[in-house]
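Student: Below: sequence and its predicted model.
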Amino acid sequence: QVQLVESGGGLAQPGDSLRLSCAASGRPSGNSAMGWFRQAPGKEREFVAAISWSLDIAMYTDSVKGRFTVSKDNAENTLYLQMNSLEPEDTAIYYCTLKNNFGSGSIERQTSWDYWGQGTQVTVSS
């Protein structure tokens, strides 16, 4: 059983940057991927970004391309999300997630992912 613990959320002003971290309790397998989803108030949880653990293939939803960067530290079993040029529309609870098989299922569908963290709140407001 993998446990995921997010940190780094908080309050930011438009244009600011934040970095989220997600520590995994065990080492993700070579076939796995880790990613980020977010859920804004009154909206469904949506895919933000993901990266394959061994191939370093990164994927993003269109609204964050060029602003967010997903990365990982293999030695520390930690996933990051660097968020720059934050916008009020980025306000949401951000969830870290892991899927055992990178190649199975759509990366953008919640049901394709196997483990979830508790989430960390990001609020962007002036």
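Tutor: Cool, got the structure.
Student: pLDDT below threshold where in this structure?
Tutor: Nowhere does the chain drop to pLDDT under 70.
Student: Show me where the protein has its strands.
Tutor: With DSSP state E, the ranges of strands along the chain come out as 4-7, 10-12, 18-24, 33-39, 46-52, 58-60, 68-73, 78-83, 92-99, 115-116, 120-124.
Student: Go ahead and flag the most central residue of this protein.
Tutor: What sits nearest the mean C-alpha location of the chain, by Cα atoms, centre = their mean, is residue 36, with 1.9 Å.
Student: Residue 89 versus that one, what's the distance?
Tutor: Residue 36 is 15 Å from residue 89, where distance means Cβ to Cβ, to the nearest Å. C-beta here means a position set from N, CA and C on the backbone, and glycine is covered the same way.
Student: Find the residue closest to residue 25 in space, skipping its chain neighbours.
Tutor: residue 3 (4.0 Å; Cβ to Cβ, 6 or more residues apart in numbering).
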